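1. Mind looking at a prediction? Sequence and model below.
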Amino acid sequence: MNHFLDIHKTGAADLRHMIDHAREMKAARLGRPKGALDDEQPLKDHVVALIFEKPSTRTRVSFDVGVRQMGGTTILLSGTEMQLGHGETIADTAQVLSRYVDLIMIRTFDESVLTEMAEFADVPVINGLTDRTHPCQIMADVMTFEEHHGPIRGKKVVWAGDGNNVCASMLHAAGQFGFDMTITGPSQLDPEDEFIGFARKAGSKITIERDPYKAVAGADLVVADTWVSMHDSQSAKERRHNMLRGYQVNDDLMAAAGKDALFMHCLPAHREEEVTSSVMDGPQSVVFDEAENRLHAQKAVMRWCLGV
């Protein structure tokens, strides 16, 4: 069963195949209407369940459109519409859905919901995001970097700010794709040792540098993410702002990184907080290419999961 649960749980060769396949599918769509079916319809007669316990824009739209472009059908389910983990166990839900659909994508809070879903489902399960990781986003990020700057192996990626779930998947990718990472942010928000340890064991150089200007020197890519979660209290938001204010990605920081460094953000961005509009809309930013590539990368992930 080809589940796509986390980047470090999928073989490096398979990950490379997905990135290359995503680029091929993107190229094949050049000049076609956005809503047009792909020439190949590998998901024809396939039904994909898209489960959202967390709100979503890019994940929801990109998966839904991707399935439709490949000739498949989607069923969109929200946490309020299901008995998931409330009146019914995750295991029972997984077994029931497996009788109806060919593939399950779930965007949830607790990682245990994802892993239990995969354990008991008889169809592939894709991690659309958990509180710990966000592998689909990082597949799009690697694809985007390589479109602009060639192979990511051996490059320097700088993560600025909170060592959150997206940072965790970037560390997994560092190990699997062979790039180095420097993390700059307050010590209270460092990523878990487990994620850093995986990348180092795989041979990647992982550095923690508190001074953001030293951190970005020689960077090929600078990445930021929102400082706050939609579920944080007002007091928590204020504490995080106070901790992270010095790690804002602005024109001065990008100048220190160098003119060839790219900037990425998984979106949604809080402009003038973790990143300024001048960087978001500037010549080094590839955030909207990155958002578009969620579509193509996830199509490749789905095809890999289904073997089509």
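-> Nice, thanks for sending it over.
2. quick one: buried residues of stretch 271-291?
-> 273-276, 279-280, 284-287, 289-291 (16 or more other Cβ atoms under 10 Å). Every C-beta, even on glycine, is put in place using the N, C-alpha and C of the backbone.
3. Can you show me the helices along the chain?
-> Secondary structure of the chain, counting by DSSP state H: helices at 12-28, 58-69, 90-98, 111-120, 135-149, 165-177, 193-201, 212-215, 234-244, 251-257, 277-280, 287-306.
4. quick one on the thing from earlier: could the buried residues of stretch 271-291 go into a markdown table alongside distance to residue 8 and pLDDT?
-> Shown next, in a markdown table, are these (distance: Cβ to Cβ, whole Å; pLDDT from 0 to 100):
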| residue | distance to residue 8 | pLDDT |
| --- | --- | --- |
| 273 | 30 | 96 |
| 274 | 26 | 98 |
| 275 | 27 | 98 |
| 276 | 33 | 98 |
| 279 | 30 | 98 |
| 280 | 30 | 98 |
| 284 | 29 | 98 |
| 285 | 28 | 98 |
| 286 | 25 | 98 |
| 287 | 25 | 98 |
| 289 | 25 | 98 |
| 290 | 21 | 98 |
| 291 | 24 | 98 |
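5. just curious, which of those is nearest to residue 7?
-> For the buried residues of stretch 271-291, the closest approach to residue 7 (Cβ to Cβ) belongs to residue 290, at 16.2 Å.
6. Could you report the distance from that closest one to residue 46?
-> Residue 290 sits 27 Å away from residue 46, going by Cβ to Cβ, to the nearest Å.
7. remind me which residues of the stretch 1-150 of the chain are low pLDDT?
-> Regions of the stretch 1-150 of the chain meeting the criterion pLDDT under 70 cover residues 83, 85-86.
8. swap in the stretch 201-308 of the chain?
-> In the predicted model of the stretch 201-308 of the chain, residues 230-231 satisfy pLDDT under 70.
9. what do you get if the cut-off is 80, keeping everything else the same?
-> 229-233 (pLDDT under 80).
10. how near is the closest residue to residue 277 other than its chain neighbours to residue 225?
-> In this structure, residue 277 finds its nearest non-sequential neighbour in residue 271, 4.8 Å apart by Cβ to Cβ, 6 or more residues apart in numbering. For residue 271, the distance to residue 225 (Cβ to Cβ) stands at 13 Å.
11. Likewise for residue 183?
-> Residue 183 is 12 Å from residue 225, by Cβ to Cβ.
12. same thing with residue 157?
-> Distance of residue 157 to residue 225, given as Cβ to Cβ: 13 Å.
13. same thing with residue 213?
-> Using Cβ to Cβ, we find residue 213 at a distance of 19 Å from residue 225.
14. Likewise for residue 41?
-> Applying Cβ to Cβ to residue 41 and residue 225 gives a distance of 35 Å.
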